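S.K.: I'll drop the sequence and a predicted model, then ask my questions.
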Amino acid sequence: MEIKGTPEQHGYWMPAEWESHSQCWMGWPERFDNWRDNAVHAQRVFSKVATAISNFEPVTVCASPAQWTNARSQLPPNIRVVEMSMNDSWFRDTGPTFVVNKSASGAQNLAGIDWNFNSWGGIDDGCYKDWTLDVRVARKILEIEKVFRFPHSMILEGGSIHVDGEGTCLTTEECLLNKNRNPDMTKEQIEDNLKKYLGVRKIIWLPRGLFGDDDTNGHIDNMCCFVKPGVVLLSWTNDKSDLQYERSIEALSVLSNTTDANGRKLEVIKLHIPGPLYMTDEEAAGVIQDGEAKPREPGTRLAASYVNFYIANGGIITPQFGDEKWDNEAVRVLKETFPDYEVVKIEGAREIVLGGGNIHCITQQQPAIK
C-alpha cells in the first residue's frame, strides 16, 4: 500500500493533535537495560496511561511475543493488545506520522509517513545499538490498519515535530540539524522535506530543547507544543541559576518575534518544569547495564517536562512527577488552557522519564477520518 511521490503531491497534511482520533497506539516496555527492575514499574505506569486514554478513545498496545500475555493481563479488556516485535516502546518516534487528505467528494483519506530511524543518533550517539525491529514498527502499524504508506529515507522522530494543523510546524535546531541524523542535508533541505511531507508552509525553529534531554538531542515535545492555532505552551523555569532558564528565555525570544503560517503572532503560555529531578542510586542500580543501551548513571538530570502530555478526544493525559508544587501548578495551567477537556493526572510518571521520555513520547495518535 505504498504511495509514490510526497504527501503534498497527493494533498495530504498532518492534523493537529487536538483534532479527533480514531485510536491511540502504544508499545509495551521490557528492555532491562533501559527500564529498571525488568520494567515492572514502567509497565505499571504504561498501563495507567493506556487505561486513562482508553476512557476517551480506543487504544492499541503492541507487545513482543515474550510480553504479550503479561501486557494482556495488566491492561483492561477494552484495550486491544497486538503482538509486535520492537527494540523499545517509544511509539511517538518509531510509529508512523499520520496524515489526511480530502477527496473531491469531501471525504477524507488516511495515510502514514514511515520515516527512517536510527535510535536517536546512530551507533555512536544513539540510545541502543540495534534498532532493526524499531525501524519496521511504522510499516507494521500501517499494514495492520490497511493504511497507505509514504516511505521516506530521511531520519526523523515524531517527537521532534509539532504542528498546528494549519500550516505551521515547531521543531528544534538542536535535534533536526544534529549531524547524527541527516549529515548530508542542509537546513533548507530538511525544511523543504518537512513542508512536502507534513503539508506545512512555515517551520518555526527553536534553537534548543529541554536541558538534559540528551537521549533525543532536544525533541520539541519536551520543550514546546501548540495547544491551538496561534497559542503554544513553553517549558519554563523562574530559577535563573537553572541551566534550563537560558534555554527557555532563548525560546521565548524566538516565539515572541515570529508569526505562524497564517501571520498570527504567537501567544506563549509558560508551563513551569518540575524539580530539577535527578536519577537516584537505587533507580540506576535497577537497570542492567550491558553495553547495548545508553548508560543510566546515578545523579543524571532527568528530562522532566509537563509539556510532554497527550491530547485525547476530550482528555489531557498529563504526567505527575511527585513534585507537589509544580505538579499542581501544571494541572492548574492545563485546566485553564484546555477548559473543555478533562485533565487526567498520571501519578508515577517519573518511571517513564527514567527511560528517557514521557507520556507524549510513548503515544501516537491516529486521526479519525470524516
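M.R.: Sure thing, it's come through. Remember, it's a predicted structure, so these values are computed and weren't measured experimentally.
S.K.: Next, the contact list for Phe91, please.
M.R.: Going by C-beta atoms under 8 Å, 6 or more residues apart in numbering, Phe91 touches Trp25, Met26, Gly27, Cys62, Val137, Ile362, Thr363, Gln364. Heads up, the C-betas are built off the backbone N, CA and C, glycines and all.
S.K.: now the third one: how far from Val307?
M.R.: Just to be clear, that refers to Gly27. According to C-beta to C-beta, to the nearest Å, Gly27 stands 21 Å off from Val307.
S.K.: Equivalent analysis for the fifth one, please.
M.R.: Counting by C-beta to C-beta, the gap from Val137 to Val307 is 24 Å.
S.K.: go on, the second one?
M.R.: Note on Met26: its distance to Val307, by C-beta to C-beta, is 19 Å.
S.K.: got any ranges where the stretch 101-250 of the chain has weak pLDDT?
M.R.: Scanning the stretch 101-250 of the chain for pLDDT under 70 picks out the ranges 104.
S.K.: any idea where the helices of the stretch 201-350 of the chain begin and end?
M.R.: Counting by DSSP state H, counting those that start in this stretch, the stretch 201-350 of the chain has helices at residues 243-256, 281-285, 324-337, 350-353.
S.K.: can you redo those as a markdown table with distance to His152?
M.R.: Putting the helices of the stretch 201-350 of the chain into a markdown table (distance: least, C-beta to C-beta, whole Å) gives the following:
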| stretch | distance to His152 |
| --- | --- |
| helix 243-256 | 27 |
| helix 281-285 | 36 |
| helix 324-337 | 33 |
| helix 350-353 | 28 |
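S.K.: Name the stretch among those that sits most buried.
M.R.: A comparison of these by mean neighbour count, using mean count of other C-beta atoms under 10 Å, puts helix 350-353 on top with a mean of 24.
S.K.: Run through the neighbouring helices and strands of the helix or strand following that helix.
M.R.: Under the assignment DSSP states H and E, the closest C-terminal helix or strand after helix 350-353 is strand 363-367. Packed against strand 363-367 by the contact rule (3 or more C-beta pairs under 8 Å, 6 or more residues apart in numbering; DSSP states H and E) you find strand 21-27, helix 91-94, strand 97-102, strand 310-312.
S.K.: nearest to Val227, of the ones you listed?
M.R.: Val227 lies closest to strand 310-312 among those, at 8.3 Å (C-beta to C-beta).
S.K.: rewinding a little: out of the helices of the stretch 201-350 of the chain, which comes closest to Asp124?
M.R.: helix 281-285 (22.5 Å).
S.K.: what does that closest one rub up against?
M.R.: Taking C-beta under 8 Å, 6+ apart as the rule, helix 281-285 contacts Arg36, Arg296, Glu297, Pro298, Thr300, Leu354.
S.K.: Please produce a PyMOL select command covering the buried subset of the residues you listed.
M.R.: Burial among the contacts of helix 281-285 is assessed by 16 or more other C-beta atoms under 10 Å; the matching PyMOL selection reads:
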select buried, resi 36+296+300+354
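S.K.: Now render the contacts of helix 281-285 as JSON lines, adding pLDDT and distance to Ala66.
M.R.: Converted to JSON lines, those look like this (pLDDT from 0 to 100; distance: C-beta to C-beta, whole Å):
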{"residue": "Arg36", "pLDDT": "97", "distance to Ala66": "18"}
{"residue": "Arg296", "pLDDT": "94", "distance to Ala66": "22"}
{"residue": "Glu297", "pLDDT": "95", "distance to Ala66": "28"}
{"residue": "Pro298", "pLDDT": "97", "distance to Ala66": "29"}
{"residue": "Thr300", "pLDDT": "97", "distance to Ala66": "28"}
{"residue": "Leu354", "pLDDT": "98", "distance to Ala66": "22"}
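S.K.: Can you lay out the contacts of helix 281-285 as a markdown table showing distance to Thr51?
M.R.: Below are the contacts of helix 281-285 laid out as a markdown table (distance: C-beta to C-beta, whole Å):
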| residue | distance to Thr51 |
| --- | --- |
| Arg36 | 22 |
| Arg296 | 27 |
| Glu297 | 32 |
| Pro298 | 31 |
| Thr300 | 29 |
| Leu354 | 20 |
